[in-house]
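Q: Here you go, sequence then predicted model.
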Amino acid sequence: MGSNPMDRGKYGSKIHLITERTGLPLPAGISGANLHDSQALEPLVRGIPPIRSRRGPRRRRPAKLHADKACDNRRLRQWLRSRHITPRIARKGIESSERLGRHRWTIERTMSWPAGCRRLHRRYERKAIHYLAFASIACTLIRYRRPAK
């Protein structure tokens, strides 16, 4: 019998994505499987490129951010508000995620697209920077193949 699967001492890597409203991936990041999802949110939000707009100056940040219940903590909510981003995160134990789940399906669908890439399905690279490069290439191909609406 192996070790307890709930001990969070897991091997492997996770790919983290931030997508825009229609599901196109913006920045990609990787972390160890034993890192909590909320710790990867700040670097991803900092890596969001300027938002293209038809008139006026480019926005540097999104207006709203939808996230899992895993990202529900006071420090992250305050950090997002300090950057003028409205957090749309269901609260643990208080709110159901059904209302916010209307927007989550696009993210879940986008998360499944890089998983279909053979190179990302199983990690063959020893260095994390190489794995991140392949994840970024996969996200670029997703953006290239799927025209914006």
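A: Arrived safely.

Q: For the protein, which segments count as strands?
A: Applying DSSP state E to the chain gives strands spanning 13-19, 25-32, 64-67, 86-89.

Q: Compare these and report which one is nearest to residue 133.
A: Closest to residue 133 of the strands of the chain is strand 25-32 (C-beta to C-beta; 9.8 Å). All C-beta spots, glycine's among them, are computed from the backbone N, C-alpha and C.

Q: And the closest one, what does it pack against?
A: Applying 3 or more C-beta pairs under 8 Å, 6 or more residues apart in numbering; DSSP states H and E, one finds that strand 25-32 contacts strand 13-19, helix 41-46, helix 98-115, helix 128-145.

Q: Could you list the buried residues of the second one?
A: Of the residues in helix 41-46, 41, 44-45 count as buried by neighbour count, 16 or more other C-beta atoms under 10 Å.

Q: check contacts around residue 139.
A: Going by C-beta atoms under 8 Å, 6 or more residues apart in numbering, residue 139 touches 17, 25, 28, 114.

Q: can we see that at 10 Å?
A: Shown in contact with residue 139 (C-beta atoms under 10 Å, 6 or more residues apart in numbering): 15, 17, 19, 24-28, 110, 113-114, 117.

Q: for this structure, which spans come out with low pLDDT?
A: Scanning the chain for pLDDT under 70 picks out the ranges 1-10, 95-103, 147-149.

Q: that older thread, list just the one of the strands of the chain that sits closest to residue 137.
A: Judging the strands of the chain by C-beta to C-beta, what sits closest to residue 137 is strand 25-32, at 9.5 Å.
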